[in-house]
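K.L.:
turn this into a model:
(2 chains)
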Amino acid sequence: MSTDDATAAEMRLASTEAIPLAYVLTARIAAHAGVRLLAIKGVVLSHHGLRAPRVSADVDVIVHPDDLETFVAAMEASGWRCPPEATAPKVMATHAVNLVNDHWPIGVDAHHRFPGFLAPAGEVFDEMWRRKVAIDQAGHQMWATDLSASAAVLALHHLRERDDPGNQQAFANLVEMAGSRMSATDLVDLADFSTAAGCTSTLGPLFTALGAAPGAQHPAEANGIAEWNWATTANRNEVWRHAWKQTEWWRRPAFLLRSFQPDEERLRELHFRDAETPLWRLRVARTQHVARRAAEMLRARRAR
Amino acid sequence: MESVAVAAPSDRALDMSDDHRPVADVTPARGAWAISPEVAHVPGEDRHALVDLAAPATPPRLLVGSAAVIWECIDGVRDTDAIAATVAEAVGLDVDDVRDDVADFLAALASDGLLVGGAA
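P.N.:
Numbering: from 1, shown residues only, chains lettered A, B, ... in the order given. All right, here's what the predicted structure looks like:
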């Protein structure tokens, strides 16, 4: 008796199957490496009633920043690997490591910080860990962020590019679901969490939309709020220009080349997530994309 | 892909051994087969996806067809004969025609660490 008679298509792990398995697998690998790990986003949001269930492209977890290297090494020992570093210009510092595995149809995003939490990343993780809740995944329990931390993570995710219509709609959906899901006590707890994690000011739009009173600010917020406000309102062209200005002159040719035609793995991440699309199509798509962006930037420059 | 063992658990990891505990008790009845507590599995439509958490470098498995039928019979109560009888009924064959295949498959799963119990 074997499974050899199944067709190749049948034998591919579906994302709906892979996600709970990957969550519990990463939890197990982390525990064996002595790393505290929390599930965030994805199933955690539907668990708390903050978002309708949906199939994600990745599994998101967060670890203490001091544990990231240990966790990534443990994942690599189990067959996962980090694709080449992202080459797309970003305003916000790298906050997650994406891990992939040829046997899995999804990736694992290992966060060590999350944009919008302005307190030191270690403090934020410790506060999330202190509040952790257990969720069931594939017949096993693992730790996940609680209601307040989950609401904050989702809200900050949508507020990162607040001019994007998709994010605006998603934020409105969160407000609607959180409004019916969170009691007055929950909202006070959200304010307490925000104070501890340094996101009282960055979550201002959420508190306003929910009609809730924000708590006191974390001392670190005074230093980080200006950068957050700029980063969350800048468009992609501004982000690219910012990265260009931050790059030393002798690195700019390589920067341009990487921006124009990154390696194949990054190309697939940027334009086509499936592995079947031929490389030449990726290159064409990338060329068209860069041409459009360049035209946008020129038009914006002339308009100024 | 070959199995790659992860580092031996540290004291801290041992303190966290409950972080991923299975939800259900899987202690099998005498002679019965049970799914190993180290296995995470997700039922699908006519198939089962599973991962052996004790061997995290091992690729995930998919059981389809008769393998999935057998997997669904593994409940910590049924032994090899009872599972063979259930499978035979499900596929419309005589139990004598499936018993050896079922026994071999159960033994293979146990050898891979996916099942516990089974000894009469």
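
K.L.:
confirm that A:I62 sits in a helix.
P.N.:
No. A:I62 is assigned strand when assessed by DSSP: H, G, I helix; E, B strand; the rest coil, not a helix.

K.L.:
that one pairs with what?
P.N.:
Counting by DSSP bridges, A:I62 forms beta bridges with A:L38, A:H111.

K.L.:
quick check: it touching A:K41?
P.N.:
No. Look at A:I62 against A:K41 with CB atoms under 8 Å: they stay out of range, at 9.2 Å. For the C-beta atoms, the positions are set from N, CA and C on the backbone; glycine is no exception.

K.L.:
neighbour-wise, which of the two wins?
P.N.:
Per other CB atoms under 10 Å in any protein chain shown, whichever of A:I62 and A:K41 has more neighbours is A:I62, with 29 against 24.

K.L.:
and that one, how far from A:A197?
P.N.:
12 Å (CB to CB, to the nearest Å).

K.L.:
unless I'm mixing things up, A:Y23 is touching A:V59, no?
P.N.:
Yes. Using CB under 8 Å, A:Y23 is in contact with A:V59, at 5.4 Å.

K.L.:
overlap in contacts, the two.
P.N.:
Shared contacts of A:Y23 and A:V59, defined by CB atoms under 8 Å, 6 or more residues apart in numbering or on different chains, comprise A:A39, A:G42.

K.L.:
burial of residue 33, as a residue count?
P.N.:
I'll assume chain A. Neighbours of A:A33 using other CB under 10 Å come to 24.

K.L.:
hmm, I had chain B in mind actually
P.N.:
Other residues close to B:W33 by other CB under 10 Å number 25.

K.L.:
what bridges to it?
P.N.:
Under the criterion used (DSSP bridges), B:W33 bridges to B:G117.

K.L.:
which residues does it contact?
P.N.:
B:I74, B:G76, B:R78, B:D79, B:T80, B:I83, B:L106, B:A110, B:L115, B:V116, B:G117, B:G118.

K.L.:
out of those, the closest to A:Q169 would be?
P.N.:
B:I74 (45.1 Å; CB to CB).

K.L.:
make sure the closest one is actually in contact with B:I35.
P.N.:
Yes. In this structure, B:I74 is within contact of B:I35 by CB under 8 Å, at 5.6 Å.

K.L.:
anything in contact with each of these two?
P.N.:
What both B:I74 and B:I35 touch, as defined by CB under 8 Å, 6+ apart, is the set B:L115.

K.L.:
just to revisit the earlier point, shared neighbours of A:I62 and A:A197, which are they?
P.N.:
A:M128.

K.L.:
so A:A134 makes contact with A:Q141?
P.N.:
Yes. Between A:A134 and A:Q141 a contact is recorded at 4.7 Å, counting by CB under 8 Å.

K.L.:
neighbour-wise, which of those two wins?
P.N.:
Higher neighbour count among A:A134 and A:Q141: A:Q141, with 17 against 14, using other CB under 10 Å.

K.L.:
need the next SSE after the helix or strand of chain A with the lowest mean pLDDT, C-terminal direction.
P.N.:
Here the helix or strand of chain A ranked lowest by mean pLDDT, DSSP states H and E is helix A:264-270, holding a mean of 65. Counting by DSSP states H and E, the element after helix A:264-270 in chain order, helix or strand, is helix A:279-303.

K.L.:
mind listing the strands for the chain?
P.N.:
Using chain A here. A:37-40, A:58-63, A:96-99, A:107-111, A:133-137, A:140-144 (DSSP state E).

K.L.:
oops, chain B please
P.N.:
Going by DSSP E, chain B shows strands at B:33-35, B:39-43, B:47-52, B:61-64, B:115-117.

K.L.:
what pairs with the fourth one, parallel or antiparallel?
P.N.:
Sheet pairing of strand B:61-64 (DSSP bridges) gives strand B:47-52 (antiparallel).
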